[in-house]
Each structure stands twice: as structure tokens, then as C-alpha cells.
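**Q** Provided below are the primary sequence and the corresponding predicted coordinates.
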Amino acid sequence: MQQTTLNFVITIGRQFGSGGRELGRLVAEKLGIEFYDKELLLEAAKNAGVSVDFFERNDEKFPRFLSGMFSFTMGYSPYNTYAGSSSISADTLYRVQSDLIHSLAEKHSCVIVGRSADYVLRDFPRCVNIFVHAPMEDRIERIMRRGDCADAAHARDLAEKTNKLRASYYNFYTDKEWGDAASYHLTVDSGAMPMESIANLVCNYVRSRFPELSEPAE
């Protein structure tokens, strides 16, 4: 008989500049669980034996070419099947990341930002899916504050371009729509409250979903 895992996973989709990564880190800290964002890229690159630069260039981006794409999609394969492949594609990257996301969920409770993790873990029984958005003005301010752009015009352009890439990536690899409230358990406007308050709201929701987390540790 297969044992039911008590691990839980929080996935966070986010508009660029909405603070989804910041929220993820806060929630992970408050719940005492692991946090994964760019770490997924480094771990996947290590397991696949391919260049980190390739992963960075293709991370959360719609495939730039489709030739041979579906040759890698028939079932889950061991990581070493990707190692050294001269024909590695964006679809292979997605498969490697998906395999890694599954393995992380089985290993321990965690927060995973982006990478369509909500869809990858659609059959995982203890998953909370969140989408973070914010008004453009708030996103521009955050983008500039963290040093991604020096002026508002460039920040707006970067936000619009990155969100289009993320939406295309998500919509291509899933049967859902990026940012559609029906695709998530919670959608939050990070411009409506301080991030600390939003993190507390998310943690309260998670504890309500999984009551054993509210039991005193003593």
C-alpha cells in the first residue's frame, strides 16, 4: 500500500515586479520549510549535465523552436538521459525541471516559485497554488527599487515583456491560463497590503488547509 505523504507544497505564480519571490521567501521562513526559485535551475543543470547558461536563457520562456520537441515528452525519464545531449531543447528543460519539482515535493515541504509548478504538481494531494499580481505602478516602483531598471519607462517595458514570456510559457505547457483566478487557490494583490501581512494571510490559509500545522510544537 502506498503511503500518503504529509509533505505540502506552496506554488507561487507571479507577475514580474509583484514581489512573488519575496512573498515566497517570507512564507517559507514563517512555516519553516524550504524555498526554491533560481535554485531549481542550478539543481536541474547539475542533474542534467548541461550548461547553466542554457537554462537561464530558456527559463520560463516559450520554446523558440519545436523540431524534435515531443521526442522527450513520453513519460518520466532518469536525469542521466539528458546528460550530454547535443539536441537538448527547451522542452527537455521543462521535463528536467518537472522531474525535479516532483522529487522535491516527495522529499519535503517547500515553496516553489514559477516554473508552472502548480500544473506540474496537479496530482499532488497537498498543494496550495497562489498567484501574485499588483497594479503596474506598484510593479514599476518595485522593479526600480531592486535595481532591475533605472527609470520607469524601462521598468514598464521589462514588466510587460517578461509577463508576456511567462504567460506564453505557462499557457503552452499547461491546459490552464496564466493569471486566471480559476487556476489558483488564492490570488493576491501585493499592492493592497504590506508583504508581511500578505505572508501571514497565506500562512493562515495553509494552516487552515492542513490543520496539523497549527498544533503546538511543544
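**A** Okay, I see it.

**Q** Could you use CA atoms for every contact and neighbour count after this?
**A** Fine.

**Q** Could you check how far the residue positioned nearest the centre of the chain is from E137?
**A** In the chain, the centroid-proximal residue (CA atoms, centre = their mean) is G114; its distance is 1.8 Å. G114 is 22 Å from E137, where distance means CA to CA, to the nearest Å.

**Q** Check S103 too.
**A** Computed as CA to CA, the S103 to E137 distance reads 38 Å.

**Q** More neighbours: these two, which one.
**A** E137 (14 against 11; other CA atoms under 10 Å).

**Q** which element is that one on?
**A** helix 136-145 (DSSP states H and E).

**Q** which strands and helices sit next to that helix?
**A** helix 152-173 (3 or more CA pairs under 8 Å, 6 or more residues apart in numbering; DSSP states H and E).

**Q** so where's the protein shaky on pLDDT?
**A** Applying pLDDT under 70 to the chain flags residues 1-4, 41, 44-45, 48-90, 215-218.

**Q** In it, what residue spans correspond to helices?
**A** Secondary structure of the chain (DSSP state H): helices at 20-31, 38-48, 52-58, 90-107, 117-120, 136-145, 152-173, 195-209.

**Q** so of those helices, which one's packed in deepest?
**A** helix 117-120 (a mean of 22; mean count of other CA atoms under 10 Å).

**Q** Quick one: residues in contact with that helix.
**A** When contacts are defined by CA atoms under 8 Å, 6 or more residues apart in numbering, helix 117-120 is touched by residues 11-12, 98, 101-102, 127-129, 174.

**Q** what's the distance between it and the middle of its chain?
**A** Its chain's C-alpha centre and that of helix 117-120 lie 8 Å apart, by CA atoms, centre = their mean, to the nearest Å.

**Q** next one: stretch 107-123
**A** 7 Å.

**Q** end to end, how far does it reach?
**A** 16 Å.

**Q** Lovely, talk soon.
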